[in-house]
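S.K.: Build the 3D model from these lines:
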Amino acid sequence: MRIELTDLTKTYKGNVHALRGLNLDIPTGMYGLLGSNGAGKTTLMRILVGLIKPTSGTVRIGGHDIASGEGKLAVQRTLGYLPQNLGVYPDLTARRFLDYIALLKGLDSRTERRRRINELLEVVALTEEADRKLKGFSGGMVQRVGIAQALLTDPRLLVVDEPTTGLDPEERIRFRNLLSQLAGDRTVLLSTHIVDDVAQTCRSLAVLAKGRLVFHGDVGALVSRAAHQVWTVTTSGPAPTWGRVVSALPEGTGVRYRVIAASPPDPTARPTDPGLEDGYLALMESDRLTHPV
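M.R.: Now for the predicted structure:
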């Protein structure tokens, strides 16, 4: 399900510009939306799912203009949403919670609800935990319940906002794999500030900074933004003072530094192949220089 954004702007009270004239086409499949906290990602997600209205510009999802009542209704029928903070009822079991949400979404047939809920509990690997109360669930398990509720109506568009924040490494990997499996012929829009989540799941992405679209394209194109700018410096002396130190790992009697810089930050610096995090950081540094405020 294709998403088309044209000159999309959102300004809050106090002249706070959350989105600044976004123009972006998002194709079917897994797509990443990357940016730091405050970049405008959650505002964009809330516009896409119809929770808030843009100040100006247009959003078309699957050919429907969501500014019209008819278009908004058509999109909501094919939409699943996992917000950044999913509100659950802690004294309900996972099964009863999903049954309640299914009723709210118009699944009136008890037989159909039961079939769909059992199917989704298996998809998110919670069948054996289905009759436990949610207050006993880990953060990762709650997020999996969140994905299950988002999938109740088999949506063509699945929007997930910061889904792995606070999860332990094992749950993050499990959740990322689940999202990738769900993509198929639907659009899964993953909004996150965690670069590795995008690196492990998406082939294409967009990057927001202070409400502006600063990059869109495939992952390889973003990685190339750091080409010839990543260096390794191993020293027992002071840390490099030129460039941006990305990591510092003890090695023998010294420290191995990974540095992003336009030129060698030290006479002993060795060029190093960039990764997605390097490309993202190089992009952000370039954007800060271009838009300092």
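
S.K.: Now the lowest-mean-pLDDT helix or strand in the chain: buried residues?
M.R.: In the chain, no helix or strand scores lower on mean pLDDT, DSSP states H and E than helix 169-183, which sits at a mean of 88. Buried residues in helix 169-183, counted by 16 or more other Cβ atoms under 10 Å: 171, 172, 174, 175, 176, 178, 179, 182, 183. Backbone N, C-alpha and C define where each C-beta goes, glycine included.

S.K.: next one: stretch 54-66
M.R.: In stretch 54-66, counting by 16+ other Cβ under 10 Å, buried: 54, 57, 59, 60, 61, 62, 64, 66.

S.K.: just for the stretch 151-293 of the chain, where's the confidence low?
M.R.: For the stretch 151-293 of the chain, the stretches with pLDDT under 70 are 293.

S.K.: Show me the strands in it, by range?
M.R.: 157-161, 187-192, 204-209, 212-218, 230-235, 244-251, 254-260, 270-271 (DSSP state E, counting those that start in this stretch).

S.K.: any chance of these in JSON lines, plus distance to residue 28 and mean neighbour count?
M.R.: Formatted as JSON lines, the strands of the stretch 151-293 of the chain follow (distance: least, Cβ to Cβ, whole Å; neighbours: other Cβ atoms under 10 Å):
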{"stretch": "strand 157-161", "distance to residue 28": "9", "mean neighbour count": "23"}
{"stretch": "strand 187-192", "distance to residue 28": "5", "mean neighbour count": "24"}
{"stretch": "strand 204-209", "distance to residue 28": "11", "mean neighbour count": "23"}
{"stretch": "strand 212-218", "distance to residue 28": "15", "mean neighbour count": "17"}
{"stretch": "strand 230-235", "distance to residue 28": "33", "mean neighbour count": "20"}
{"stretch": "strand 244-251", "distance to residue 28": "34", "mean neighbour count": "13"}
{"stretch": "strand 254-260", "distance to residue 28": "34", "mean neighbour count": "19"}
{"stretch": "strand 270-271", "distance to residue 28": "38", "mean neighbour count": "12"}
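
S.K.: Would you format those as JSON lines with distance to residue 278 included?
M.R.: Below are these laid out as JSON lines (distance: least, Cβ to Cβ, whole Å):
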{"stretch": "strand 157-161", "distance to residue 278": "25"}
{"stretch": "strand 187-192", "distance to residue 278": "18"}
{"stretch": "strand 204-209", "distance to residue 278": "14"}
{"stretch": "strand 212-218", "distance to residue 278": "14"}
{"stretch": "strand 230-235", "distance to residue 278": "5"}
{"stretch": "strand 244-251", "distance to residue 278": "7"}
{"stretch": "strand 254-260", "distance to residue 278": "6"}
{"stretch": "strand 270-271", "distance to residue 278": "12"}
